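Peer 1: what follows is a predicted structure for the sequence shown.
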Amino acid sequence: SLSQPEREGMFHRGPGLNLTSGQYTAPIAGYYAFTSTLHIGRREPRRKGQGCRGSRLRVLICVQSRCQHNSNLETVSRLESSGDRFTISVMGTLYLQAGQYASVFVDNTAGSPLTVQSGSDFSAILLGV
């Protein structure tokens, strides 16, 4: 059954997604296609002379919050020196046991604090068992 949208343009189907915790819990064991697109902005303007060289942003979708484990999806993006808004996507397939959850993590090596902005999304689709 399709749930009522909490705000315009947003919907989710099925019992697995918890919008409060940001976790998707697999109702049955199987292969799931995960996709996340994050819009990320700097919370404060860069100070003059504060370089972005070597700054990178890792976005991961991890099972059971174990991002060091092999069962995760990862993308790395270099933060360009210009611009205060970035879009970064990660997608792929993970095998989840029934009751296991997956969630999105952001690893920020930049010198400035970042915030995930509205319009970002996270989805999971059961491909097969």
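Peer 2: Sure, I can see it.

Peer 1: next, the residue lying closest to Val59 once chain neighbours are set aside: secondary structure please.
Peer 2: Nearest non-adjacent residue to Val59, counting by C-beta to C-beta, 6 or more residues apart in numbering: Val90, 4.8 Å away. (Each C-beta comes from the backbone N, C-alpha and C, glycine too.) Each residue gets one of three states, and Val90 gets strand by DSSP: H, G, I helix; E, B strand; the rest coil.

Peer 1: what ranges in this structure fall below the confidence cut-off?
Peer 2: Applying pLDDT under 70 to the chain flags residues 1-14, 19, 44-54, 80-83, 110.

Peer 1: just to revisit the earlier point, residue contacts, the residue nearest to Val59?
Peer 2: Phe34, Thr35, Ser36, Val59, Leu60, Ile61, Leu73, Glu74, Thr75, Val104 (C-beta atoms under 8 Å, 6 or more residues apart in numbering).

Peer 1: what's the closest of those to Gly111?
Peer 2: Val59 (18.2 Å; C-beta to C-beta).

Peer 1: how about the nearest residue to the residue nearest to the spatial centre of the chain, chain neighbours excluded?
Peer 2: Central residue of the chain (C-alpha atoms, centre = their mean): Val104, 3.6 Å from the mean position. Nearest non-adjacent residue to Val104, counting by C-beta to C-beta, 6+ apart: Ser36, 4.9 Å away.
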